[in-house]
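In: A structural model of the following input is requested.
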Amino acid sequence: MPKIESFTQPQAAAVEIFEQLTLDEERERHRLELRVERAFFEAGVALRELREQRLYRSTHRTFEEYCYARFGYTRRRPYQLIEAAIVFENLCTNGTQNSETNDLCTIGTQDRAPIVERQVLPTSERQIRDLVNLEPEQQRQVWQQAVTQAEGKVPTGRIVRSVVEQIKHKSVHLASDYCFEGEVFFLQRLVGDEKKYNGCWAIAIEVENRFTVKAAVYNGTLEVKQENMKPIDLQPTQTKIAETYKRITRLQQIGSLDREANYVLEGIAKQSNLTEVGEKLLICLEEHYVSERLSKNQEF
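Out: Here you go, the predicted structure:
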């Protein structure tokens, strides 16, 4: 009995042919192998449809509860598969092709002479997890570099991550290289506790000798990176936002604001130009809190 070597990544090797397959059988084998190798992608697409159409609502209140009860997925897992499916689709298109993947090469087809020329694609969610937060074009570039490092085979998640890290290190710049003090911009791609600020405007207040920008928002400050900044090209818009920020700052300096007041300010902080209603609401808050402060001062 031949010795079976343990391995984590299939290696290209001479394949002993025990029985020749017909061309139709070879195609059918390839089709079925693709189904196995694309299972994570199909799962991600299906989960996305289940979530978007809310097809879980007959038995569960939330998508997360449904996924745990039906598939045993932890809270994060379905989203990892959905995100991986989006990346996979992007890699399939490669910027020019359509998303059909019948002629795309994944892990098992590389040891045999291909029926047609195929593109090397991921076979698991883990292999492309580090591509999720990159721009579509960057995803394709990183994947191609990873495939090259893997000598034309499907790269491991570790190889992909190393390419991502290399790109990140190359693109490190001082904050002053891409931003100036007083610049106004919108926030994007923030995660965690800061996710709530996505869509809000911010103003750069410290940029010198820093790798991140210290930015003022309507209720405090944040440390942001270049990818978190969405430029505002029109100078008049930047000027109006800066004026609105000064008015909000004066309100904050008066003292602790009511919860309802903070809700109003949060809404205003997502507008590039104050609407008539927004202007009236801000004036109302200014008059209320200034009046309240004067009244307290008179008591003393």
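In: ok now the one helix or strand P236 maps to, how far from the chain's centre?
Out: P236 belongs to helix 235-254 when assigned by DSSP states H and E. Distance of helix 235-254 from its chain centroid, counting by Cα atoms, centre = their mean, to the nearest Å, is 30 Å.
In: Name the residues of it that come out as buried.
Out: Q238, K240, I241, T244, Y245, R247, I248, L251, Q252 (16 or more other Cβ atoms under 10 Å). All C-beta atoms are positioned from the backbone trio N, CA, C, and that covers glycine.
In: would TSV of those residues with pLDDT and distance to L187 be doable?
Out: Converted to TSV, the buried residues of helix 235-254 look like this (pLDDT from 0 to 100; distance: Cβ to Cβ, whole Å):
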residue	pLDDT	distance to L187
Q238	93	14
K240	94	17
I241	96	12
T244	95	15
Y245	95	13
R247	93	20
I248	93	16
L251	89	21
Q252	84	18
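In: could you dump those to CSV with distance to Y68?
Out: Shown next, in CSV, are those (distance: Cβ to Cβ, whole Å):
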residue, distance to Y68
Q238, 46
K240, 47
I241, 43
T244, 43
Y245, 43
R247, 46
I248, 41
L251, 44
Q252, 41
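In: Show the residue spans covered by the strands in this protein.
Out: 184-187, 201-206, 213-217, 220-224, 229-231 (DSSP state E).
In: E135: which of those strands is closest?
Out: strand 229-231 (13.2 Å; Cβ to Cβ).
In: which other residues reach the closest one?
Out: Contacts with strand 229-231, where a contact means Cβ atoms under 8 Å, 6 or more residues apart in numbering, come from Y178, C179, F185, F186, L187, Q188, A202, V213.
In: Show me what counts as buried in it.
Out: M229.
In: quick one: strands adjacent to that strand?
Out: strand 184-187 (antiparallel) (DSSP bridges).
In: Please report how far R77 lies from L131.
Out: Distance of R77 to L131, computed by Cβ to Cβ, to the nearest Å: 17 Å.
In: So between these two, which is more surrounded?
Out: L131 (28 against 17; other Cβ atoms under 10 Å).
In: rewinding a little: got the angle between the helix holding P236 and strand 201-206?
Out: Orientation of helix 235-254 against strand 201-206 (axes from the mean of the first three to the mean of the last three Cα atoms, to 10 degrees) gives an angle of 80 degrees.
In: who does helix 235-254 touch, helix- and strand-wise?
Out: strand 184-187, strand 201-206, helix 259-268, helix 276-299 (3 or more Cβ pairs under 8 Å, 6 or more residues apart in numbering; DSSP states H and E).
In: how does it look with 7 Å?
Out: Packing partners of helix 235-254 (3 or more Cβ pairs under 7 Å, 6 or more residues apart in numbering; DSSP states H and E): strand 184-187, strand 201-206, helix 276-299.
In: Can you give the distance from the first one to the centre of its chain?
Out: Meaning strand 184-187. That offset, for strand 184-187, works out to 18 Å (Cα atoms, centre = their mean).
In: Show me what counts as buried in it.
Out: V184, F185, F186, L187.
In: Nearest to E64 among the residues you listed?
Out: Nearest to E64 out of these is L187 (Cβ to Cβ; 26.0 Å).
In: all helices of the protein, in order?
Out: 23-37, 39-52, 63-71, 77-93, 136-149, 157-170, 175-178, 235-254, 259-268, 276-299 (DSSP state H).
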